[in-house]
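1. Sequence and predicted model, in that order:
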Amino acid sequence: MTNVPEVQITTTDARLGLDNQRPPMQMEQPSADIDIIHNHVDTVNISTEAMQLNIDQTEAFAAANLIAPLRSSQEFSAEAEMTAIEYVQKTARHGEQMKDSAHTGASAIPNMAHENWMGRPVEVDLGYMPDNMDQTQIDFQPGEVHFQIDSAMPEFNVETRDPIIEIPRWEVNTYMEQKPSIQFDVPGRRVDQSL
C-alpha cells in the first residue's frame with residue numbers, strides 16, 4: 001500500500017478596490033446690472049381762459065336821459081312828430097270849437113284857456129339813476145385754469161446674467177486591493193518538485 005502524500009492548497013481570493021471621486025457641483029449666480037435714470041424734472045403746463053364781464057348800461061343811461069346822439073335824434077324826431085300831430089289836432093279842435101261858438105253864441109275861449117293851462121308846477125324830488133338793476137345787463141363768464149402735469153418717471157434698464165454652473169465628471173477608479181494567490185504545501189514530506 002502506497003501512501004499518497006497529502007497536499008494542502010491555500011488560496012487567496014482577489015479583491016478589487018473602488019475609488020469613487022464625486023466632486024461637488026458648483027453654481028454661481030452673477031448679479032444683474034441695473035441702471036436707473038432719474039428724471040428729476042416734472043413738466044407742468046398751465047393754461048388759462050380769461051374771465052369775461054360785460055356790462056350794458058344802455059337802458060340805464062336812457063332812463064337818465066344820457067343817450068347816444070343817434071338814439072337821441074331818433075327819439076327827438078319821433079317826439080317832434082308826435083307833438084306836431086297833437087298840435088294839428090288841437091288846432092283843428094279849437095277851430096271847431098270857435099265855429100260852434102259862433103253858431104251858439106257861447107264863448108269857446110274859456111275852454112281853450114283851460115286846455116292850454118300847464119297845470120301845477122312840477123315837483124322836484126331826489127332820485128337815483130338807474131332806478132333798479134333791471135336796467136343794467138350784466139353778463140359774467142368765469143375764467144378757467146387748466147393744469148397738465150407730466151410726471152417724470154425713472155427709467156430702469158436691467159441686464160440679466162445667466163447662472164454659471166460647473167458639473168465635474170464623477171469618476172470610479174478600480175484597483176487591485178488584494179492579488180489572488182494559490183499555495184501548495186505537503187506537510188512533513190518532501191515532494192519532488194522537479195517536474
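-> All right, it came through fine.

2. Let's see the pLDDT reported for Phe76.
-> Note for Phe76: predicted pLDDT of 84.

3. Any buried residues in the worst-scoring helix or strand of the chain on mean pLDDT, and which?
-> Ranking every helix and strand in the chain by mean pLDDT, DSSP states H and E puts helix 109-116 at the bottom, with a mean of 75. Within helix 109-116, the residues that count as buried by 16 or more other C-beta atoms under 10 Å are Met112. Where you see a C-beta, it was placed from the backbone N, CA and C, and this is true even at glycine.

4. from the chain's centre, how far out does the helix or strand following it sit?
-> Downstream of helix 109-116, the first helix or strand assigned by DSSP states H and E is strand 137-141. Here strand 137-141 is found 32 Å from its chain centre; the criterion is C-alpha atoms, centre = their mean, to the nearest Å.

5. Report all helices and strands that strand 137-141 contacts.
-> Secondary-structure packing of strand 137-141 (3 or more C-beta pairs under 8 Å, 6 or more residues apart in numbering; DSSP states H and E): strand 52-56.

6. in the longest helix belonging to the chain, what's buried?
-> As assigned by DSSP state H, the longest helix anywhere in the chain is helix 69-104. Using 16+ other C-beta under 10 Å as the test for burial, helix 69-104 gives 94, 97.

7. So Gln57 sits against Met133, correct?
-> No. Here Gln57 does not reach Met133: they are 10.5 Å apart, not a contact under C-beta atoms under 8 Å.

8. Give me the domain ranges for this protein.
-> If you go by automatic domain parsing, the domain ranges for the chain are 1-35+157-195, 57-118+125-139.

9. Nearest residue to Glu59 in space, ignoring adjacent ones along the chain?
-> Distances taken as C-beta to C-beta, 6 or more residues apart in numbering put Gln135 closest to Glu59, at 4.3 Å, once the chain neighbours are dropped.

10. and Thr160, what does it touch?
-> Ala32 (C-beta atoms under 8 Å, 6 or more residues apart in numbering).

11. So it versus Met133, what's the distance?
-> Thr160 sits 75 Å away from Met133 when distances are taken as C-beta to C-beta, to the nearest Å.

12. what does Ser31 give?
-> Counting by C-beta to C-beta, the gap from Ser31 to Met133 is 78 Å.

13. same check, this time on Phe76
-> In terms of C-beta to C-beta, Phe76 sits 28 Å off from Met133.

14. Just the pLDDT for Thr83.
-> Reading off the model, Thr83 has pLDDT 90.

15. got a list of what Met27 touches?
-> Contacts of Met27 (C-beta under 8 Å, 6+ apart): 163-166.

16. Low-confidence ranges, the chain, go.
-> Across the chain, the ranges flagged by pLDDT under 70 are 1-4, 118-122, 127-130, 189-195.

17. swap the cut-off to 80 and go again
-> 1-5, 7, 39-42, 60-69, 71-72, 100-134, 151-152, 186-195 (pLDDT under 80).

18. Any idea how many residues pack against Ala60?
-> 19 (other C-beta atoms under 10 Å).
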